[in-house]
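[1] Okay, sequence plus prediction incoming.
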Amino acid sequence: MTPAFVITGFLGSGKTTLLINSAREHFSNRRVAIIVNELGEVGVDGKVLKNTYSEVLELPEGCICCSLHAEFEKALTEIRERYNPEVLLVETSGGAVPFPVVVSLQALGCVVEGVICLIDAKNFNLYKEDSTAKYQIGGSNILVLNKTDLVSEQELLEVEREVVQTWELYRPVNTFTGEPLYKNFVLYRTTYGKLPAEVFSGTFTLEELKNFTDTHNGHSHNHRVLNIIEPITYEELERRIKSLPPDVVRVKGIVRLKGLPYPLVVNYAFGSLDLSTEVKDYKGASFLVLIAYAR
């Protein structure tokens with residue numbers, strides 16, 4: 001399944017800059033497909049991206065979550081069939097909320113590794129009461145305060161406080177259980193839309209995961225490896241996940257569970273655990289790669 005990131009944020013928050021910087025710095029050795037969606041007659045953002053990367057599919061005039069829903073799914077299917085991307089980056093328009101995009105990506109077999117909301121720290125007070133901006137924040141699990149060099153520390157702390165409060169009030173909820181879909185989030189401060197590699201570290205491929213125990217003995221940057229010699233129960237795995245330190249925001253790995261014939265890929269992010277993929281050809285012991293949030 002293709003890992004995907006959704007990048008959202010209000011008009012002028014710096015989404016395209018973040019998209020370009022992230023693709024250059026963190027995915028230079030991977031096939032990256034970029035879908036840009038924006039309002040207006042002239043696709044300025046798409047033209048900028050085409051000067052950087054060739055595989056850009058632009059969806060002008062409208063938003064993915066409403067009028068372009070069918071076109072978005074068709075475009076996504078086409079780009080996956082033509083280019084077989086290793087990573088998919090989707091930039092929504094400034095007037096769109098991210099959750100319907102996430103649902104479409106999941107329905108088409110993508111794994112949404114993160115929803116990144118860019119917040120303009122300088123101009124947040126000008127749009128913070130807009131309902132779309134509120135749902136953009138609430139529908140994301142990676143909150144990025146951009147343009148932090150343009151405000152004072154006191155102003156920045158106030159923006160952080162309001163953003164966190166908005167996230168708590170507007171995050172999507174499971175209509176059947178009443179439980180929030182995102183149990184936690186990470187928050188970054190940045191300038192010029194730059195993000196650390198840890199944000200995208202959930203995109204480890206299966207082969208990279210298999211090689212982790214050989215190449216990552218002990219600490220490496222923000223990654224820690226937990227080796228598990230014997231098969232464990234699901235309850236034991238869940239207990240270990242729940243007891244992780246608060247700075248661990250992602251867990252990926254391969255684990256053998258008692259009673260199951262094949263190992264499973266572990267994919268944990270922001271409070272949600274997925275064990276839906278079998279690895280029939282893996283012969284090694286269980287291990288978990290713990291990815292920490294560098295504060």
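    That came through, no problem.
[2] and Trp35, helix, strand or coil?
    Careful, residue 35 is Ile; it's not Trp. Per DSSP: H, G, I helix; E, B strand; the rest coil, the local secondary structure of Ile35 is strand.
[3] quick one: it and Ile291, what's the gap?
    From Ile35 across to Ile291, the span is 25 Å (C-beta to C-beta, to the nearest Å). Glycine gets a C-beta too; all of them are placed from N, C-alpha and C.
[4] can you tell me which residue is nearest the centre of this protein?
    Centroid check for the chain by C-alpha atoms, centre = their mean gives Gly114 as the closest residue, at 1.4 Å.
[5] what about that one, which SS state?
    Per three-state DSSP, Gly114 ends up strand.
[6] Enumerate the beta-bridge partners assigned to the closest residue to Pro85 other than its chain neighbours.
    Nearest residue to Pro85, sequence neighbours excluded (C-beta to C-beta, 6 or more residues apart in numbering): Ala33, at 3.6 Å. Ala33 has the following beta-bridge partners by DSSP bridges: Leu88.
[7] By neighbour count, which bits of stretch 152-162 are buried? Give me those.
    By 16 or more other C-beta atoms under 10 Å, the buried positions in stretch 152-162 come out as 156, 159-160.
[8] repeat for stretch 272-291
    For stretch 272-291, the neighbour count (16+ other C-beta under 10 Å) marks 275, 279, 282, 286-291 as buried.
[9] average pLDDT for the host helix or strand of Leu237?
    Element membership for Leu237, per DSSP states H and E: helix 234-242. Averaged across helix 234-242, the pLDDT comes to 89.
[10] I'd like the next helix or strand past that helix.
    strand 248-255.
[11] quick one: strands adjacent to the helix or strand following that following strand?
    Once the chain leaves strand 248-255, the next helix or strand it forms, by DSSP H and E, is strand 264-269. According to DSSP bridges, strand 264-269 has the following sheet partners: strand 248-255 (antiparallel), strand 272-278 (antiparallel).
[12] Which helix or strand in the protein has the lowest average pLDDT?
    Least confident helix or strand, the chain: helix 44-50 with a mean of 48, by mean pLDDT, DSSP states H and E.
[13] Spell out the residue ranges of the strands in the protein.
    Secondary structure of the chain by DSSP state E: the strands cover 3-9, 32-38, 56-60, 87-91, 111-120, 142-146, 186-189, 223-228, 248-255, 264-269, 272-278, 286-292.
[14] can you give me the angle the fourth one makes with strand 3-9?
    When axes from the mean of the first three to the mean of the last three C-alpha atoms, to 10 degrees is applied, the directions of strand 87-91 and strand 3-9 differ by 20 degrees.
[15] now what about strand 87-91, what contacts it?
    Strand 87-91 is contacted by residues 2-8, 15-16, 19, 22-23, 27, 30-38, 45, 64, 76, 79-80, 101, 105, 110, 200, 203 when judged by C-beta atoms under 8 Å, 6 or more residues apart in numbering.
[16] How far off centre is it?
    9 Å (C-alpha atoms, centre = their mean, to the nearest Å).
[17] again, but for the second one
    Distance of strand 32-38 from its chain centroid, counting by C-alpha atoms, centre = their mean, is 15 Å.
[18] now for it, which elements pack on it?
    Contacts defined by 3 or more C-beta pairs under 8 Å, 6 or more residues apart in numbering; DSSP states H and E place strand 32-38 against helix 15-26, helix 44-50, strand 56-60, helix 69-83, strand 87-91.
[19] What angle do strand 3-9 and that strand make with each other?
    Using the same axes, to 10 degrees: strand 32-38 against strand 3-9 is 30 degrees.
[20] Just the buried positions in stretch 230-240, please.
    Using 16+ other C-beta under 10 Å as the burial criterion, the residues of stretch 230-240 that qualify are 232, 237.
[21] For the nearest residue to Gly253 once chain neighbours are set aside, list the residues it contacts.
    Distance criterion C-beta to C-beta, 6+ apart; nearest residue to Gly253, sequence neighbours excluded, is Leu288 at 3.8 Å. By C-beta under 8 Å, 6+ apart, Leu288 lies in contact with 225-226, 228, 240, 251-253, 255, 266.
[22] Weed out the non-buried ones from the residues you listed.
    225, 228, 251-253, 255, 266.
[23] Would you check which pair of these lies furthest apart?
    Ile228 and Lys252 (13.8 Å; C-beta to C-beta).
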